[in-house]
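Asker: Next come a sequence and a model predicted from it.
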Amino acid sequence: MRLDYYSAAEGVDIASDRADLCHLADLVTSGGELSLTPTAHPRHLRGVLIEVTGGPVAIGVDDRSYLSIHGGTESRSLLADLLRDVANMDDGGHVHLEYFEGHRFLAPDSMPLIVNSPRGGMPLR
């Protein structure tokens, strides 16, 4: 799994195989922490921290260079479902997840997230 952080406005780009993306979805559901293999690239994040709190999902990057996701059970479940849907895409593609007024599960201060299909970021067609 590779997590590239661009900026607070541009967000985080996730590239992963199906198994790791499904594992991330499970982690989003249950809460916990996942450390990634360190790299020297300045954009690569070092891991993921999922905190079980209340309310909508807030996505950010913490001071340890971890993707930080926290929110209530229902909101995290909706995010996990989205991650599983992308993991199971039959073709290349990606999903942009950004807050807009009235969003079902994202908090207004949530950072944008791009989740790429395990088959590539763009359709193969």
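Answerer: That came through fine.
Asker: The lengthiest helix in the chain - contacts with which helices or strands?
Answerer: If you go by DSSP state H, the chain has its longest helix at helix 73-87. Applying 3 or more C-beta pairs under 8 Å, 6 or more residues apart in numbering; DSSP states H and E, one finds that helix 73-87 contacts helix 18-30, strand 47-52, strand 66-71, strand 94-97, strand 113-116. C-betas here are computed from N, CA, C, even on glycine.
Asker: These: which one's closest to Ala107?
Answerer: strand 66-71 (7.1 Å; C-beta to C-beta).
Asker: Compute the number of surrounding residues for the residue lying closest to Arg2 once chain neighbours are set aside.
Answerer: Take Arg2 and drop its neighbours on the chain: the residue closest to it by C-beta to C-beta, 6 or more residues apart in numbering is Ala15, 4.6 Å away. Counted with other C-beta atoms under 10 Å, the neighbours of Ala15 add up to 18.
Asker: before we move on, what about Arg104?
Answerer: For Arg104, the count of nearby residues is 10 (other C-beta under 10 Å).
Asker: Three-state assignment for the residue nearest to His23 when sequence neighbours are not counted, please.
Answerer: Spatially, and ignoring its direct neighbours in sequence, His23 is nearest to Leu34 (7.7 Å; C-beta to C-beta, 6+ apart). The three-state assignment at Leu34 reads strand, by DSSP: H, G, I helix; E, B strand; the rest coil.
Asker: mind listing what's buried in the longest helix of the chain?
Answerer: Of all the residues in helix 73-87, those buried under the rule 16 or more other C-beta atoms under 10 Å are Ser75, Arg76, Ser77, Leu78, Leu79, Ala80, Leu82, Leu83, Arg84, Val86, Ala87.
Asker: thinking again about what came up before, mind checking pLDDT for the residue nearest to Arg2?
Answerer: If you check Ala15, the pLDDT there is 93.
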